[in-house]
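>>> please work out how this folds:
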Amino acid sequence: SLQARGGGTLSFLVFWRFSLENGCPSSTFCASEQQVVIPSELFLTLGAMSFVENLLVVAAIVKNRNLHSPMYYFICCLAVSDMLVSVSNLVETLFMLLIEHGMLVIEASLVKQVDNVMDMLICSSLMSSLSFLGVIAMDRYITIFYALRYHSIMTIQRAAILMVAVWLVSIVSSILFIAYDSTAVLMCLVAFFLSVLTLIAGLYIHMFVLAHRHARQISTMYGKQHAPQFTSMKGAITLTILLGVFLICWGPFFLHLILILICPSRPACKCYFRYFSLYLILIICNSVVDPIIYAFRSQELRKTLKELRGILV
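Residues are numbered from 1 along each chain as shown. Just a heads-up that it's a prediction; the model follows:
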């Protein structure tokens, strides 16, 4: 947040409050060593890249009617979540730079309000990103195992209800997280993260085991050249890659949250806290990498992005 770091986004309200409540400078998060500082220019660059990339993904899905399906609507919502990370990063970093260079003078109460808005944005992004990864995984699961009934199960109306529900829950949850006790916020976020990942992992394990078994049966009956589920499995692989990237990028941050809960005063944990800015960079990198995965693995989306690039150029 604005009061807890020297650049970037997502210091999160709990770290600022944790520092004040334990009587130590918020810039060090009670660690015995100085925080590892990441240049603000890097946060700005990654934030701008992420914003442009995800904006192109959203524009491509809106432009191409062939992409007007529940699956791509969910991907579009995931891109919007990544854009929230970018926007909060850009706005917060610009505020920090203006304040540090004396170009903007604001009261402490206003700083706290801006800080809460940024925290709400990033919390909404986290909740919605995890939720849409779960929704997309369920969509792929239905596509693979209920192919003949897919269009009757996952209708546009039901997809719209799912999207609205995810956004509403994410926004309301982020507001509640800002308003209530920081320890409860940490516990809820960690519990939500672990429960959703468990659900997604269970879906993927069931998906790949049964799909592989079914593919072997088809191969035995019709020969290796007959692969009716290739497209659906390709989509599942894409989502597995997305989930892996998400874990790599968000995992260190959630480990940070867990350590705040279980060992805030131990030297080893304090050492891990020093690299908090690096964990923020990884989170923003997740927003940068996601659109690249979409572009490389979806021919239709890649084609539309090329058309958009031609129009812009």
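>>> for the helix or strand containing residue 285, what does the pLDDT average out to?
For residue 285, the element it lies in under DSSP states H and E is helix 276-297. Averaged over helix 276-297, pLDDT sits at 83.
>>> what is that helix packed up against?
Judged by 3 or more Cβ pairs under 8 Å, 6 or more residues apart in numbering; DSSP states H and E, the packing partners of helix 276-297 are helix 40-63, helix 70-100, helix 230-262, helix 299-312. Just so you know, the C-beta spots here come from the backbone N, C-alpha and C atoms, and that holds for glycine as well.
>>> mind redoing it with 10 Å?
Helices and strands touching helix 276-297, by 3 or more Cβ pairs under 10 Å, 6 or more residues apart in numbering; DSSP states H and E, are helix 40-63, helix 70-100, helix 108-145, helix 230-262, helix 299-312.
>>> quick check: which ranges of the chain have low pLDDT?
Residue ranges of the chain with pLDDT under 70: 1-34, 181-182, 211-212, 215, 218-219, 222-236, 238-239, 295, 311-313.
>>> what about residue 164, neighbour count?
10 (other Cβ atoms under 10 Å).
>>> whoops, I mixed them up, residue 257
Neighbours of residue 257 (other Cβ under 10 Å): 19.
>>> next one: it from residue 270, what distance?
As judged by Cβ to Cβ, to the nearest Å, residue 257 and residue 270 stand 15 Å apart.
>>> same thing with residue 247?
Separation of residue 247 from residue 270 (Cβ to Cβ): 24 Å.
>>> just to revisit the earlier point, wait, which of the helices and strands packed on helix 276-297 is closest to residue 189?
Smallest distance to residue 189 across the helices and strands packed on helix 276-297 (Cβ to Cβ): 6.2 Å, for helix 230-262.
>>> so which elements touch that closest one?
helix 13-21, helix 70-100, helix 108-145, helix 182-222, helix 267-273, helix 276-297.
>>> how much space separates the residue nearest to residue 275 when sequence neighbours are not counted from residue 290?
Once flanking residues are discounted, residue 275 sits nearest to residue 36: 5.2 Å by Cβ to Cβ, 6 or more residues apart in numbering. Distance, residue 36 to residue 290, using Cβ to Cβ: 25 Å.
>>> again, but for residue 303
Distance, residue 303 to residue 290, using Cβ to Cβ: 19 Å.
>>> again with residue 43
In terms of Cβ to Cβ, residue 43 sits 18 Å off from residue 290.
>>> also residue 99?
Using Cβ to Cβ, residue 99 is found at 31 Å from residue 290.
>>> more neighbours: which of the two?
Between residue 99 and residue 290, counting by other Cβ under 10 Å, residue 290 is the more crowded of the two (25 against 14).
>>> leaving out the residues flanking it, which one is nearest to that one?
Using Cβ to Cβ, 6+ apart, the nearest residue to residue 290 is residue 82, at 5.6 Å.
>>> pull the contacting residues for the one you found.
By Cβ atoms under 10 Å, 6 or more residues apart in numbering, the contact list for residue 82 reads 50-51, 53-55, 57-58, 125, 128-129, 283-284, 286-291.
>>> how about a cut-off of 8 Å?
Taking Cβ atoms under 8 Å, 6 or more residues apart in numbering, we find residue 82 in contact with 50, 54, 125, 129, 286, 287, 290, 291.
>>> hmm, back to that, so the residue nearest to residue 275 sits against residue 277, correct?
Yes. Residue 36 is in contact with residue 277 according to Cβ atoms under 8 Å; the separation is 5.8 Å.
>>> more neighbours: which of these two?
More neighbours surround residue 277 than the other of residue 36 and residue 277, with 20 against 11 (other Cβ under 10 Å).
>>> skipping adjacent residues, who's closest to that one in space?
Using Cβ to Cβ, 6+ apart, the closest residue to residue 277 is residue 38 (4.2 Å).
>>> from residue 89, how far out is the one you found?
For residue 38, the distance to residue 89 - Cβ to Cβ - is 12 Å.
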